[in-house]
Structures are given as C-alpha cells and as structure tokens.
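[1] Here's a sequence, model it:
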Amino acid sequence: MKFHKSMVWFRRDLRAFDHAALHQALISSNLVYCAFIYDKAILDPLPRHDRRFSFIHASLAELEAELRQLGGHLIVRHAIAQDEIVRLAAELGVDAVFANGDYEPQAIARDAAVAAALAADGRQFCSFKDQVIFEKDEVLTLAGQPYSVFTPYKNAWLKRMAAEPLCLAPWPVEPHAARLAPGESALPTLSDIGFAQADLAAAGMQPGMSGAAAQFEGFIARIADYGEARNYPAVNGTSGLSVHLRFGTTSIRHLVRTVNQVMASGAGGAGAPVWLSELIWREFYAMILFRYPHVVERAFKPAFDAIEWESGPGAEEAFAAWCEGRTGYPLVDAAMAQINRTGFMHNRLRMVAASFLVKDLGIDWRWGERYFALHLNDYELASNNGGWQWAASSGCDAQPWFRIFNPVTQSEKFDRRGEFIRHWLPQLKDLDDKEIHLPGAHVPAIVDHAEARAKTLERYAVVKKMGSGPQDQTPTS
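    Purely as a prediction, here's the structure:
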C-alpha cells in the first residue's frame, strides 16, 4: 500500500460504484475516509429554494446509506471547501486526498490551491478522470491541436474509443470496500444549511443512484425513437439524465458501455447513435472550456465581441419579459414557464429561447446564459456556455450568424398541435391548432420577428466586415 490513510473528496460524483477516485484510493490505501463539503463559496449566492440543493441533499443521503452498507461512512461539512478539506485532512491524519477532476476554471484554481496547501502539510492531492470518457488533450487533430468543429472531433472520439476499449472499463468499489473507514456522522438537514425543501417530484427529478438507474432503464426501452422524438417537447423523448450526469449519480462509462451494447445488439435503432453523439457533444464542450477558458466571459470567436447589443431600460424590460415568459410568442413563453416552474427546459426549446433573446431582442447572450445558470437543474458551465454561444453564432461550430430561428415556424413544426403550449400556457387551451402559434395570442408581442431579423442582420454585419463570417452566402431564416 502506498498510503496508510487517505480521504476521497466527493464533489460532482455522488455515487458509490464505478468511481475512479474511490477505486484508486481503496487499492492504494489501508484505510479510506469519504467526505463531502457543502461549499459555502458555491451555495451562499443561491436562492434558498434551489432545487439542485434538494437534489444533492437527497442524493447524499443515498450515497451515505450505500457507503454504510459497504462498511464505511460519509463525513459531511458545511464550509468553504478549499479550506475545510485541508483542515479535515489534517484532522483525520490522512496521507493523501483523492478526487475526480473538474474542468471549470474556478474548480481548477480551487484544486490547485488545495493541492498546494496539502503539499505544505506533507500530504498529496491525487486527481482522476471520471466525468468524461476523454478529457483535456486526449482527442486532438493529427497536427496535435484541439478541434473546434464537432463532427471531426466526434469521429476522432469514436475512433479512439474503438481503439482503446479499456477507456470504458469500470472502476469497481465493492471488491475493495473492506478498506473503507467505519464511523458515525449525522448528515446535516436542509435547514441546517439554510435551504428549503424543493418539490423534486413536481420537477420530475428522481435523485440519487436509484433515480439515475430508473431513469436510464426507462430511456433504454425507448432509445430507438430518440433521434426523432427528442425534437418534440410535448413528447417524453429525451433521456432525462442530464442532471444525473451533472451530479455524477450515474457513470458516463456505464452509459456509454450500455448504449454500445444496445447498438451492437441491433436494438438501438436510429436513436442510439444519435444519443451517443449528444454525450460526445458534452465532452466536446468540456474540452473547449478547458482549452479556451476565455469563453466564460467572451466569445469563442473574438470578432463577435465587437457586436453592439441592446442596452438601457428598453433592453432590461425586454429581458425581464423574456425571463417571465411574456414576450407574446407562445412557444418561447411556454418554454420560459417550464424552466421557471421546474428548472428543466427541453433542448429544442433552449435553442429557440436563446435564439429569440439574442437575435429577436438583440440582447447579449451572456444575460441569458446567467439566467439559465441560475435556473437549470442540470446546469453545467461548459454545456450551457457552448449552447448559448452556438445560438449567438459566436461559439465553436455554431450556427451561422445569418441563421435566425423563426419562433412561429419552430412552434408549428415541433409543437404542431400546441400540446406543449397548452400545458404551460393553459390560458391558450381554447385556441385552435393554428392560432395557438401566433404572436400576441396571450399577451402583446414585444417585437416583430421580421423587423427584428432585419435589425439582427445589420447588428451582425460587423462580423462580416471583420472577415469572420461567410462572405458568399445569402442570409436565410
């Protein structure tokens, strides 16, 4: 054994199976403690009814029960994690702290500070890949550069997965569980941390490892239809696993292994490879964030930072109308009602709502990005940023700047009978299937799409002048 005692620091990996850091700690230590820190640096700015906190709290209770069954326990503290993990390591007298890596700039800086503080005490910080199949610079072009276009990245990703089947191998915990440190520790209640209980069931959230397993089992049964069904917000066509990937209540390796098996059996139809592509998109955006951290504040393509967005009281009122679902465009407002009431928004509607804010209202994509960050249950910086920059055309492999979603056309195509709109805007339930898509059906429309489109093309002309947009294509809707 390399270490006498070690500690696993759980963060966004709230499970006790196929867990890289926990496995590595168990096979290299005589005794392994497990800890989770409710990080005040992250939690203090959040609203007290934040659904994500209730999800984490319930998932931790399940994790703690599982660790007890395996012979260990979970130490939970509420403090500034960067400081508390160092104090706890000293209190327990461990030789090393094990954790799974995180690729967000703030997390990278936090882990570097923790590693330095531990080293000053003569302890080690050991980090492992867990939340993605391929990280950082593992998928590069033949020239050794990061990809900025998704399809070639995906092809290289798939090629590497096929060449290295061990990349999907699980990190077993149970065979080594005898080295878990037993002990007693009471989990803090929601009120102890200062939060209120959210209605997770009403938000469609099943917390914990069991919730993830049930969600995945249900999705696999209908994955063959995913390629088509995922486009229709009134249909149960998506996996519903994004929040579980965000908090690590499931394993990305388990998901990819399973979908590969489904495809190999011929049971996955056309949907399984499409869903795998979505998982690869998640890793593509994680790689982009790691390699180009400037995207947190600025456009991936620098020329797009020259765009002049709307500002002043008019822009603030338009933004408030968007946030509150009173733009006058039924599909956009129904989408905003969904996120405001449940913390979830269908991916098709994320694109529609984002395009409307940026290209109909002329509002800086960063405003919308921050709103989604505060409200989405499955918020991940990399994917959220990537999605918003895609909609704003400022990101890597984004939609062309001259492509502007027509919110009425999108509504007619993807909610043809108005089922989604009627559910979230019941005041429109008596309109016929044509009227329900039209702007101004419930509140006056705050903008005319045709006029807004023309203004957006003028706004983005600065990009074309700087040579960063297509010069020879005709703008289309």
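
[2] Would you mind identifying the next helix or strand past the longest helix belonging to the chain?
    The helix that spans the most residues within the chain, counting by DSSP state H, is helix 271-291. Of the helices and strands lying after helix 271-291 in sequence (DSSP states H and E), the nearest is helix 313-323.

[3] Would you map the strands across the protein?
    Taking DSSP state E to define them, one finds strands in the chain at 3-10, 29-39, 74-79, 96-100, 124-128.

[4] how close does the residue nearest to the spatial centre of the chain get to Ala221?
    Centre of the chain computed as the mean C-alpha position; nearest residue by Cα atoms, centre = their mean is Glu380, 3.2 Å away. Separation of Glu380 from Ala221 (Cβ to Cβ, to the nearest Å) stands at 26 Å. Backbone N, C-alpha and C define where each C-beta goes, glycine included.

[5] Can you list the neighbours in contact with stretch 445-457?
    For stretch 445-457, the surrounding residues in contact (Cβ atoms under 8 Å, 6 or more residues apart in numbering) are 318, 321, 326-329, 359-362, 402, 404, 406-408, 439, 475, 477.

[6] Return the subset of these lying in helices.
    Ala318, Ala321, Pro407, Val408.

[7] what about Gly440, how many residues close to it?
    Around Gly440 there are 11 other residues, counting by other Cβ atoms under 10 Å.

[8] whoops, I mixed them up, Asp130
    If we define neighbours as other Cβ under 10 Å, then Asp130 has 26 of them.

[9] Verify the stated contact: it with Asp13.
    Yes: with contact defined as Cβ atoms under 8 Å, Asp130 counts as touching Asp13 (5.7 Å).

[10] who touches both of those two?
    His19, Ala21, Asn100, Gly248.

[11] Looking at those, point me to the pair that's furthest apart.
    Farthest-apart pair in the shared contacts of Asp130 and Asp13 is Ala21 and Gly248; separation 10.6 Å (Cβ to Cβ).

[12] By mean pLDDT, point me to the weakest helix or strand of the chain.
    One helix or strand of the chain scores below all others by mean pLDDT, DSSP states H and E: helix 461-465, with a mean of 84.

[13] Could you tell me how far that helix lies from the centre of the chain?
    In terms of Cα atoms, centre = their mean, to the nearest Å, the centre of helix 461-465 is set 31 Å apart from its chain centre.

[14] before we move on, what about stretch 358-367?
    Counting by Cα atoms, centre = their mean, stretch 358-367 is centred 21 Å from the centre of its parent chain.

[15] Out of the strands of the chain, flag the one nearest Arg416.
    Evaluated over these, closeness to Arg416 peaks at strand 96-100, with 43.3 Å, by Cβ to Cβ.

[16] quick check: angle from that closest one to strand 124-128?
    Per axes from the mean of the first three to the mean of the last three Cα atoms, to 10 degrees, the angle that strand 96-100 makes with strand 124-128 is 20 degrees.

[17] returning to that earlier point: OK, contacts around the residue nearest to the centre of the chain?
    Ser242, Leu245, Arg246, Arg282.

[18] any idea which of these has the most stuff around it?
    If you count neighbours using other Cβ under 10 Å, the busiest of the contacts of Glu380 is Leu245, which has 22 neighbours.

[19] for it, what are its contacts?
    Contacts of Leu245 by Cβ under 8 Å, 6+ apart are Gln131, Ile252, Leu255, Arg282, Asp378, Glu380.

[20] And Trp365, by the same measure?
    Ala354, Leu357, Val358, Trp388, Gln389, Ala391, Ala392, Ser394.

[21] And for Leu357?
    Contacts of Leu357 (Cβ under 8 Å, 6+ apart): Phe319, Trp322, Ile363, Trp365, Trp367, Gly368.

[22] ok, the residues you listed vs Val295, which is closest?
    Nearest to Val295, judged by Cβ to Cβ, of the contacts of Leu357 is Trp365 at 11.1 Å.

[23] and stretch 100-111, how far apart are its ends?
    The first residue of stretch 100-111 is 10 Å away from its last residue (Cα to Cα, to the nearest Å).

[24] which residues make contact with that stretch from outside it?
    By Cβ under 8 Å, 6+ apart, the surrounding residues in contact with stretch 100-111 are 11-13, 19-21, 81-82, 99, 125, 127-132, 135-136, 248, 286, 289-290, 293, 296, 381-382.

[25] Equivalent analysis for stretch 161-169, please.
    Ile133, Phe134, Arg160, Arg253, Val256, Arg257, Asn260.

[26] Repeat the analysis, applying 7 Å as the threshold.
    For stretch 161-169, the external contacting residues (Cβ atoms under 7 Å, 6 or more residues apart in numbering) are Ile133, Arg253, Val256, Arg257.

[27] Mind exporting the C-alpha coordinates of that stretch to CSV?
    Extracted in CSV, the C-alpha atoms of stretch 161-169 (Å, rounded to 0.1, in the frame of the first residue of the first chain):
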residue,chain,number,x,y,z
MET,A,161,-12.9,4.6,-28.1
ALA,A,162,-12.8,1.7,-30.6
ALA,A,163,-9.0,1.5,-30.3
GLU,A,164,-9.0,1.7,-26.5
PRO,A,165,-11.8,-0.4,-25.2
LEU,A,166,-10.4,-0.1,-21.7
CYS,A,167,-11.5,3.5,-21.7
LEU,A,168,-15.0,2.2,-20.8
ALA,A,169,-13.8,-0.2,-18.1
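
[28] Give me the mean pLDDT for it.
    On average, the pLDDT along stretch 161-169 is 97.

[29] Next: stretch 175-182.
    The model assigns stretch 175-182 a mean pLDDT of 98.

[30] before we move on, what about stretch 369-386?
    pLDDT averaged over stretch 369-386 gives 97.

[31] Check stretch 121-141 too.
    Stretch 121-141 comes out at a mean pLDDT of 97.

[32] Cys126 touches Ala89, doesn't it?
    No: using Cβ atoms under 7 Å, Cys126 is not in contact with Ala89, being 12.0 Å away.

[33] Looking at those two, which one has more neighbours?
    Ala89 (26 against 18).

[34] Quick one: residues contacting that one.
    Ala89 neighbours (Cβ under 7 Å, 6+ apart): Met7, Val97, Leu118, Arg123.

[35] so how far is Met7 from it?
    The gap separating Ala89 from Met7 is 6 Å, by Cβ to Cβ.
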